[in-house]
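> Give me a 3D structure for the following:
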Amino acid sequence: MFVMAFLCLKFFAFAQTPVNMAAQPSYTYTENFADLANWTFSTAPANGTFVSGIGAPAWRGNEAVATGTIPDGVRITGSTWVYQTGSSSGIYQQGQSLVLLATGTTNNTSAVAMDMFLDFTGLNAGTLSFDWASINNFTGNRSSSLKVYYSTNGTSFTEIPAATVLNITNNAPTNGEINFINLPAALNNVATAQLRFYYYNGTGGTTGSRPKISIDNIQVTGVPTAPCVTPSTQPTSLSLTPAFSSISGSFTAASPAANGYIVVRSLNNNLSSLPVDGTSYSVGDDLGDGNVISFGSSTTFNATGLSPNTPYYFFVFAMNNLCSGGTKYRTAGYLVGTATTLSGSSPCTAPVAQPTNLSFNNVTSNSAKGSFTASTSPNADHYLVVRSTSSTLSASPVNGTNYSAGANLGGGVVVTKTQSLTSMQTISLPVLPITSLCLQ
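This is a model prediction of the structure:
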């Protein structure tokens with residue numbers, strides 16, 4: 001009985017809560033470590049598991065493992081059961097990303113690892129994506145590398161070569177993305193899938209420290225094993241709302257439900273070709289004589305960058321893509337509607353940002369040259385410059401009012417209304433002392 005109780009305790013000490021991939025929206029799970037500040041390691045017992053933090057239960061740190069050879073995914077020299085704060089090998093609670101460090105002057109002698117647990121029951125394993133970036137670590141130019149391994153039993157680990165990031169160099173900042181690499185079929189329908197992010201002091205450099213690495217925006221997908229079938233119905237009730245250079249739209253979802261919809265915009269009332277089964281389209285792709293403006297589960301869309309006073313046609317097709325064998329589109333009886341963008345100029349809207357960096361030179365008793373950096377607001381097409389002997393204006397410009405040079409405004413005087421003052425231009429000033437010039 002004593003032995004059985006001990007084994008039970010050992011099991012629960014290392015128990016995880018794998019991500020249930022079948023329960024994820026569109027069978028896609030993303031970890032952006034936004035709550036990393038609240039990820040707290042267990043201390044009683046100390047075993048690499050977490051006791052708090054959104055997303056943390058799917059992860060576990062590792063203690064040192066003396067067997068194997070770096071970088072085989074098994075040999076580990078530094079513990080990731082606690083956060084590090086200095087310059088030792090391990091895991092760091094630094095920002096909103098997974099940060100690892102493997103130290104050591106001799107190549108391939110130091111390794112740390114963090115494990116992610118996934119449950120692919122009822123699904124095929126899909127893809128893995130993540131962002132990575134090097135983080136400078138004191139001085140030196142030595143290198144480190146990242147490999148990703150998978151396991152179904154927590155004992156044997158196999159490398160996923162396409163996920164490798166080799167020989168990033170300390171004090172040579174770099175970053176990159178691993179995008180949609182295929183996960184191995186060995187993880188299909190496996191409830192105990194495990195991905196190991198394994199960081200080690202790889203080859204390269206001659207002096208100083210090794211870089212840290214940050215890993216972020218990890219995305220894992222699953223693929224249902226059921227084959228894709230063509231949706232039985234199309235969406236209905238297309239509604240279009242035109243503006244001067246855009247048209248927004250919405251429609252009622254198909255019933256029975258489809259996995260998603262593709263929306264195509266065209267200048268013609270018929271498409272020269274229709275969506276092709278097995279093809280996954282992206283926004284911006286050409287389709288027939290149209291352009292894809294939406295691809296996914298949303299029943300709303302917005303087409304922008306359109307010409308005023310121009311009729312546009314919109315075509316909506318139901319699709320099933322959360323399945324195996326490739327996307328299936330329903331092309332019969334597709335939903336279609338038309339709307340014409342408004343004529344004339346777009347109505348004025350207030351800029352969302354002011355200009356910056358107002359500066360002067362060649363200041364004399366009656367003039368100065370001024371410049372500023374243009375507003376980042378794309379609809380800012382003019383600037384109003386007002387001079388005053390006060391550091392503030394008692395009133396701001398009034399919408400709809402056209403100000404000319406010499407007009408009074410808020411205790412000041414309008415100097416100019418210009419499309420730009422980003423290069424030095426002469427501004428005439430009275431002989432009176434100048435407290436400030438201000439931009440509105």
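
> Would you mind listing the buried residues in stretch 226-239?
228, 231, 234-235, 238 (16 or more other C-beta atoms under 10 Å). Yep, even glycine has a C-beta here, placed from its N, CA and C like the rest.

> Next, name the residue at the spatial heart of this protein.
residue 217 (7.0 Å; C-alpha atoms, centre = their mean).

> What backbone torsions are found at that one?
phi 50, psi 50 (degrees, to the nearest 10).

> Same check on residue 115?
Dihedral angles (degrees, to the nearest 10) for residue 115: phi -110, psi 140.

> Can you tell me how far it is from residue 159?
Distance of residue 115 to residue 159, given as C-beta to C-beta, to the nearest Å: 15 Å.

> Which one of these two is surrounded by more residues?
A direct count of neighbours by other C-beta atoms under 10 Å for residue 115 and residue 159 places residue 115 higher, at 21 against 16.

> who touches the more buried one in this structure?
Neighbouring residues of residue 115 by C-beta atoms under 8 Å, 6 or more residues apart in numbering: 59-62, 194-197.

> and those, which are buried?
In the contacts of residue 115, burial by neighbour count holds for 59-62, 194-197, counting by 16+ other C-beta under 10 Å.

> how about those in a markdown table, adding pLDDT?
As requested, the buried ones among the contacts of residue 115 are exported to a markdown table (pLDDT from 0 to 100):
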| residue | pLDDT |
| --- | --- |
| 59 | 98 |
| 60 | 98 |
| 61 | 98 |
| 62 | 98 |
| 194 | 98 |
| 195 | 98 |
| 196 | 98 |
| 197 | 98 |
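
> ok, then the element right after the lowest-mean-pLDDT helix or strand in the chain?
Using mean pLDDT, DSSP states H and E, helix 2-13 stands out as the lowest-scoring helix or strand of the chain, at a mean of 36. Downstream of helix 2-13, the next assigned helix or strand under DSSP states H and E is strand 19-20.

> Downstream of that next one, the next helix or strand is which one?
In N-to-C order, the element after strand 19-20 by DSSP H and E is strand 28-31.

> Check what contacts the helix or strand just after that following strand and list those residues.
Along the chain past strand 28-31, the next helix or strand (assigned with DSSP H and E) turns out to be strand 40-41. The contact list for strand 40-41 (C-beta under 8 Å, 6+ apart) reads 48-53, 56, 61, 81-83.

> Could you list the paired strands of strand 40-41 along with their orientation?
Strands that pair with strand 40-41, judged by DSSP bridges, come out as strand 50-52 (antiparallel).

> can I assume residue 22 is in contact with residue 126?
No. Contact between residue 22 and residue 126 fails when scored by C-beta atoms under 8 Å: they sit 11.9 Å apart.

> Could you tell me how many residues sit around residue 167?
Neighbours of residue 167 under the rule other C-beta under 10 Å: 14.

> And it, how close does it get to residue 105?
Distance, residue 167 to residue 105, using C-beta to C-beta: 15 Å.

> Could I get the average pLDDT for stretch 313-327?
The pLDDT scores in stretch 313-327 average 92.

> all strands of the stretch 251-400 of the chain, in order?
Under the criterion DSSP state E, counting those that start in this stretch, strands of the stretch 251-400 of the chain are mapped to 260-266, 286-287, 290-296, 300-303, 311-320, 328-329, 335-340, 356-361, 367-373, 383-388.

> Give the phi and psi angles for residue 307, as a check.
Residue 307 has phi and psi values of phi -90, psi 140 when expressed as degrees, to the nearest 10.

> should've said residue 168
Backbone torsions for residue 168, taken as degrees, to the nearest 10, come to phi -80, psi 140.

> you'd agree it is up against residue 144?
Yes. Counting by C-beta under 8 Å, residue 144 is a contact partner of residue 168 at 6.2 Å.

> Now the common contact residues for the two.
211, 213.

> Show the pLDDT at residue 336.
98.

> right, and it touches residue 238 too?
Yes. In this structure, residue 336 is within contact of residue 238 by C-beta under 8 Å, at 7.4 Å.

> Could I get the phi/psi values of residue 58?
Torsion angles, degrees, to the nearest 10, at residue 58: phi -80, psi 0.

> With adjacent residues omitted, what lies nearest to it?
Spatial nearest neighbour of residue 58, excluding adjacent residues (C-beta to C-beta, 6 or more residues apart in numbering): residue 19 at 4.9 Å.

> What is the neighbour count of residue 329?
Per other C-beta under 10 Å, the neighbour tally for residue 329 reads 24.

> Residue 96 versus the residue nearest to it when sequence neighbours are not counted, what's the distance?
Closest residue to residue 329 apart from its sequence neighbours, by C-beta to C-beta, 6+ apart: residue 275 at 4.1 Å. In this view, residue 275 and residue 96 are 38 Å apart by C-beta to C-beta.

> Comparing those two, which shows the higher neighbour count?
When neighbours are counted by other C-beta under 10 Å, residue 275 and residue 96 differ, and residue 275 comes out ahead with 23 against 14.

> Which pLDDT value goes with residue 410?
pLDDT at residue 410 comes out at 86.

> In this structure it contacts residue 388, no?
Yes. Counting by C-beta under 8 Å, residue 388 is a contact partner of residue 410 at 7.5 Å.

> quick revisit: for residue 168 and residue 144, indicate the residue with more neighbours.
Each of residue 168 and residue 144 has its neighbours counted (other C-beta under 10 Å); residue 144 has more, 32 against 25.

> which ones are touching that one?
Counted by C-beta under 8 Å, 6+ apart, residue 144 has contacts 101-102, 167-168, 170, 199-202, 210-211, 213.

> Let's verify it: helix, strand, or coil?
For residue 144, the assignment made with DSSP: H, G, I helix; E, B strand; the rest coil gives strand.

> any idea how far it lies from residue 197?
13 Å.

> And the residue nearest to residue 89 when sequence neighbours are not counted, what's its pLDDT?
With sequence-adjacent residues excluded and distances taken as C-beta to C-beta, 6+ apart, residue 89 is closest to residue 78, at 3.1 Å. The model reports residue 78 with a pLDDT of 97.
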